[in-house]
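Asks: Could you work out the structure for the sequence below:
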Amino acid sequence: MMIKRFLSYLAVAAIMMSAATFVSSCSKEGDKGDKGEQGDKGDKGDKGDKGDKGDAAGTFVVTFDFDNGDPAITQTVPAGGWATSATGTAYFGKRFVPATPGLYEVGLPVYDLVGWTHNGAQFDFSTPITADITLKARWGELSFPPPLLVSAVPVNNLDSAIAYAKANPNSGSSSYYAMVIDADINAGAQTLDFPGMLQIIGIGGERIIQYTGAPNAPLFLINCSGSNTVSIEIFQNVSLRGIENSTTNLVRVENGNFRMMSPGSKITGHRTTSQYGAVYVTGADNQLMMYGGEITGNHSGAVNSSGGVFVENGAYLHMFGGSITGNTINPAAAMDVVLVGTSIDASRRYTRSVVGVSTPAAFAGN
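Replies: Model (predicted):
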């Protein structure tokens, strides 16, 4: 009986030990399971609305008024940006015109640009630009002695003035003179064949130089020999008036330059049978330059011609201002400019104020 009870205790103890072992094994953390497969990629979200376009940066125009007869220039500056100072030199006659008529020795350029003003005050170029503005040039003192009146030459006498300038060079072998007129004058045919420059300036209103020479000669023949250059410049209030029965041009440039420098200057009233019109420029590098003024009211009776300007053989027409309009050829057709065998420098700016233009077509498009 005792043995049987003892065996029963052993059985119960064994069962309890097995249960304890089972509980212990169940409470221990199991091994990490295998990584599951990646889920499918989600659908792409809807595209967001497009943002509003930002405003373009503003720009302003700064105009530089040289206040000397030269054309103004402009700079386009970003809002809040800075302008860059323009440079220049004032020649006698463009700004500083004597009140007394006569022939003057003028030498070379004499005034230097020393600054710019805005509304009368010196302009500081570190100032941000926030609006369109105009700056006016401020000129310094004379760099050379002032122009000298030539008392030996009668006033308002073109023949005497040109003869004196030719015979009296005042800058090496060159002659630099300005003729100031305060009345209408008559003039015969003039040949400018000396190195240098002659400026003609009108004061006190429009001043007409009426050609009274032979029909087969121009008022101005510009033909300086060799590599020398002569220039004639027509300034404010001076009008060159042609004749009704000419067989040639009013102005003929064969070696040198002819310049119209400011509003108020004019070439008009010339009627010719020549195909070359009122102004004829021929030969490599010879030039007609316009900064202002008008070439208008001229006529050529020839075919394949120009009533206004005829340029050929490598010469140049440079237009920075002014206009060439109202010139005709037979039968009363508008024809202002003819260019033949002439190189066009793409860096030059040509006026749009031209009605009739013959070759090359590139001229009409500028």
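Asks: hey, let's count contacts and neighbours off CA atoms from now on
Replies: Fine.
Asks: and T247, how far is that from A189?
Replies: Per C-alpha to C-alpha, to the nearest Å, T247 is found 13 Å from A189.
Asks: out of those two, which sits in the more crowded spot?
Replies: Shown here are T247 and A189; by other C-alpha atoms under 10 Å, T247 has more neighbours (21 against 18).
Asks: Next up, phi/psi of the more buried one, please.
Replies: Here is the backbone geometry of T247 (degrees, to the nearest 10): phi -110, psi 10.
Asks: domains for this protein, by residue range?
Replies: Domain segmentation of the chain under automatic domain parsing yields 59-102+112-142, 150-364.
Asks: follow-up on the earlier one: tell me, what's touching T247 and A189 both at once?
Replies: Residues touching both T247 and A189 (C-alpha atoms under 8 Å, 6 or more residues apart in numbering) are A217.
Asks: Need the residues that contact the strand or helix carrying L288.
Replies: Assigned by DSSP states H and E, L288 belongs to strand 287-295. Residues external to strand 287-295 that are found in contact with it (C-alpha under 8 Å, 6+ apart): 70-71, 253, 256-268, 281, 308, 315-325, 327.
Asks: okay, the domains of the chain, which one's buried deepest?
Replies: domain 150-364 (a mean of 21; mean count of other C-alpha atoms under 10 Å).
Asks: averaged over its residues, what pLDDT does that domain have?
Replies: Taken as a whole, domain 150-364 carries a mean pLDDT of 83.
Asks: Tell me what the spatially closest residue to L317 that is not a sequence neighbour is bridged to.
Replies: Closest residue in space to L317, ignoring its immediate chain neighbours: L288 at 5.0 Å, by C-alpha to C-alpha, 6 or more residues apart in numbering. Beta-bridge pairing for L288 (DSSP bridges): F258, L317.
Asks: what about the helices in the stretch 151-300 of the chain?
Replies: 158-167 (DSSP state H, counting those that start in this stretch).
Asks: what ranges do the strands span in the stretch 101-250 of the chain?
Replies: Assigned by DSSP state E, counting those that start in this stretch, the strands in the stretch 101-250 of the chain fall at 102-105, 111-118, 121-122, 133-142, 148-149, 175-181, 185-187, 190-192, 196-202, 207-211, 220-223, 230-234, 238-241.
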